[in-house]
Every structure is written in C-alpha cells, then in structure tokens.
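Novice: Show me how the following folds:
(one chain, ligands or ions: 1)
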Amino acid sequence: MREVDSRVFQLLWALSDVMPSLGWSEWKVKRDMKRTAKELDQVVEAWVEEHKKRRDDIPSCEKHYLDLLIEIFENREIPGTIHDAHTTTKAICLETLRLYPPLPLTAYRYVMEDFDITHGNFHVPAGTQVLVNEWKVQRDPNSWFEPELFKPERFLTSEKVDNVKGMGMLFPFGLGRRSCPAIPMGMRMVHYVLARFLHTFDLAAPFSQDVDMTESNGFVNLKATPLLVLINPRLPKSLYHEDCKV
Ligand code: HEM
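Specialist: A predicted model of the protein is given here:
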C-alpha cells in the first residue's frame, strides 16, 4: 500500500493541467495514473472485504466508517439526507461556506477558448490564466439578497440544502473538472461535526461578546483572531468518554 500511496502523490499533478497543449507528452503519466487507480481500487476492495468478514465482532455502537460506505454502496442512498431534522444545520453550513469559503480564490485556470463576459464588455483571450474570486461572487448583491448578512434561511428549501453542485453562484468546492471530488464527504463532515457539537455542548462567548468574524488575508480563509468560546456539557455525564476532561 505504501508504494501505491507514494505513487498517488507523485501523480497528483500533471504539467498538462496548467498547459493542456502538452498533454501528448504525458502518455506515460496517464498510463501510470490508470495503473495506480486500478491498484488502489484493489487495495480498498481488499480492506472492505476484510472488514465485512470481521464486522460481526465489532459492537454495533462503534460503527466504522467503512460500514457507512458499504451502506451507501448497497442501498444506493446516503443516510441522513434532506428529509431529516438536520436541514437547519445544513443550511447553517452552506451559509457559512457562502460567507467564509475555506479557499476564497479557486486555483489557477487556463482559458482554452476566447470568451466575453459582462455582455461583451470584457474580452478574455485563450491562453489567459485566471483566478476566480469565489468570495466576491458569493457576496454579489446581484445574486444574493442582503449578501453581507448571515441568513441560513436562504437555503431552507429542501431542493437547495442538498444540491451544492447545482447552485450557480455558490461554489465553495470549486467548479468544473478540477472541482473538489469530495463534495458529499466534505458537506457531511462539516454538517455532522457541527450537529454533534451543538447537540453535546452548550456554547457561549466569554462576557457575551460578539464573535469577531474578521478574516485574514491569504489563499486559505482563516479567522484573523482566535475563536474564544466557553463550552459546557449539556448531556448526562455518563454519555461523555471517561477520558474526556471537560
Ligand atoms: C468542507 C470541506 C471541503 C471544501 C470546502 C473543499 C474545497 C475544495 C476546493 C475549493 C478545491 C479546489 C477546486 C478548484 O481548484 O476549483 C478542492 C479540491 C480538492 N479537494 Fe476538497 N474540499 C473539502 C473537503 C475535501 C475532502 C474531505 C477531501 C478528501 C477526502 C477533498 C479532496 C480534494 C481534492 C483531492 C482536490 C483536488 C481536486 C483536483 O485538483 O482535481 N476535499 N477542494
């Protein structure tokens, strides 16, 4: 596995991603990519099979992430989708990703054909390298009502809350063929961690101050000041892990 793993990282970036016209020169890389993908599939399949065999010994309360993947694969549906009680938390996650996208600028894109924007007022010739300012688009008053306000209710319709890919002016995971391949996983991670946290703890800001949401500059969107928050367990003590000193 280690060998396949290191090959995956070597093959992650290809020159033709930046200069598509050089694609022909990378036939070896493409061949290696296909071979490595096949080998990676075999490794993961072996893990799943081994896990299926051992599954009976694992107590049901300690569900392994592989169980979730197997469940999704076998039932062709993702547990915990829109019709459950988590719609509000999902809307909060989306509104957070709209106002504070983790990567405010997409990676460089190489324009393959000439095109015009803003009704022909601005011409972009083929060969230009562009960076899309996702942060700006997601706060554009032409697309969003009261864009500077944190209003999760704008996503509170069942079609919207589970369709991040289909929301033209919201693209925290990027766009196109190099967009994030892990949208469902990323959304679920953020959603479940937040839901779990809110369910388990009462939160308060010290001295009831407003949280400073100023962002720092850079390719990754970090808070300019650390988050200060007081957390208090709100469930019976027996439900917390005994090593967890809160
Ligand atoms: C909330 C969580 C996440 C956000 C907001 C996010 C966002 C992004 C963005 C903006 C890009 C660049 C897209 C572009 O260049 O246009 C990206 C790429 C990528 N993401 Fe994520 N991501 C998240 C979670 C994840 C997770 C959990 C994984 C892996 C398990 C992952 C794997 C990747 C990979 C491999 C790429 C590179 C794709 C490529 O270049 O073809 N992401 N992500």
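Novice: What distance do you get for whichever residue of the chain sits closest to the ligand to residue 70?
Specialist: Across the chain, no residue is closer to the ligand than residue 174, which sits at 2.4 Å (CB to the nearest ligand atom). All C-beta spots, glycine's among them, are computed from the backbone N, C-alpha and C. In this structure, residue 174 lies at 29 Å from residue 70, with CB to CB, to the nearest Å as the measure.
Novice: Name the residue in these two with the higher neighbour count.
Specialist: In this view residue 174 and residue 70 are compared by other CB atoms under 10 Å, and residue 174 has more residues nearby, 18 against 15.
Novice: Could I get the contacting residues of that one?
Specialist: Residues in contact with residue 174, defined by CB atoms under 8 Å, 6 or more residues apart in numbering, are 103, 106, 107, 134, 180.
Novice: and with 7 Å instead?
Specialist: Contact analysis of residue 174 by CB atoms under 7 Å, 6 or more residues apart in numbering lists 106, 180.
Novice: That one: what secondary structure?
Specialist: For residue 174, the secondary structure call by DSSP: H, G, I helix; E, B strand; the rest coil comes out as coil.
Novice: which element is the most centrally placed residue in the chain on?
Specialist: Computing the C-alpha centroid of the chain and ranking residues by CA atoms, centre = their mean puts residue 186 first, at 3.3 Å. If you go by DSSP states H and E, residue 186 is part of helix 183-200.
Novice: elements contacting the next helix or strand after that helix?
Specialist: Moving toward the C-terminus from helix 183-200, the next helix or strand (DSSP H and E) is strand 201-204. For strand 201-204, the elements it packs on are strand 230-233, judged by 3 or more CB pairs under 7 Å, 6 or more residues apart in numbering; DSSP states H and E.
Novice: got the residues of this structure near the ligand?
Specialist: Counting by CB under 6 Å from any ligand atom, the residues of the chain close to the ligand are 102-103, 106-107, 172-175, 178-182, 185-186, 189-190.
Novice: Would you mind giving me the ChimeraX syntax to select the buried ones in the residues you listed?
Specialist: Buried residues within the residues of the chain next to the ligand, as defined by 16 or more other CB atoms under 10 Å, are selected in ChimeraX through the command that follows:
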select :106,172,173,174,186,190
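Novice: pLDDT value on the residue nearest to the centre of the chain, please?
Specialist: Model confidence at residue 186, expressed as pLDDT, equals 90.
Novice: buried sites along the longest helix along the chain?
Specialist: For the chain, the longest helix by residue count, based on DSSP state H, is helix 27-54. Neighbour-count burial for helix 27-54, with 16+ other CB under 10 Å as criterion, is recorded at 29, 33, 36, 51.
Novice: starting at the chain centroid, how far to it?
Specialist: The gap between where helix 27-54 is centred and where its chain is centred comes out at 23 Å by CA atoms, centre = their mean, to the nearest Å.
Novice: Skipping its backbone neighbours, what lies nearest residue 179 in space?
Specialist: Among residues not flanking residue 179 along the chain, residue 173 sits closest, at 5.5 Å (CB to CB, 6 or more residues apart in numbering).
Novice: residues touching the one you found, list them.
Specialist: Neighbouring residues of residue 173 by CB under 7 Å, 6+ apart: 164, 179, 180, 183, 186.
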